[in-house]
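**Student:** This is a predicted model, with the sequence first.
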Amino acid sequence: MTQKNLPEPECKLGFTAVQVKTILGDDTTKFYHWIAGQTMALCEGTRYDYETKRYEESCGGAAHGPIVYPWDLNRYLSGLPIID
């Protein structure tokens, strides 16, 4: 699978766990071993605004949970190594 075949991420930060499972299918476990120890995002449906010093709604208020950055999934699908 190549980058152009990937769906649009459901979260502004990247791909949800459900999307990763849908995209990778049986290869999902292998992907999570590949990405182990790397930075991922956590979407809680809010973001902190440092100017107003308040939390504001993000992603329509939907808490997507753990998020895989698109560039990491693209590197995996391209057979490239992790970048530290």
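**Tutor:** Sure thing, it's come through.
**Student:** only C-alpha atoms for contact and neighbour calcs from this point on.
**Tutor:** Noted.
**Student:** Pop out the phi and psi values for the residue at the greatest distance from the centre of the chain.
**Tutor:** The C-alpha centroid of the chain is most remote from residue 52, which lies 26.8 Å away (CA atoms, centre = their mean). Dihedral angles of residue 52 (phi, psi; degrees, to the nearest 10) stand at phi -90, psi -10.
**Student:** just use 40 as the starting number from now, easier for me
**Tutor:** Happy to do that; since the first residue is 40 now, the last one works out to residue 91.
**Student:** any low-confidence regions in the protein?
**Tutor:** The model of the chain has pLDDT under 70 over residues 40-43, 123.
**Student:** residue nearest the centroid of it?
**Tutor:** Note: the chain centre (CA atoms, centre = their mean) maps to residue 107, 2.1 Å.
**Student:** That residue contacts residue 51, doesn't it?
**Tutor:** No. The pair residue 107 / residue 51 is not scored as a contact, 10.9 Å apart, by CA atoms under 8 Å.
**Student:** The chain: helices as residue ranges?
**Tutor:** Under the criterion DSSP state H, the chain contains helices at 56-63, 67-73, 109-116.
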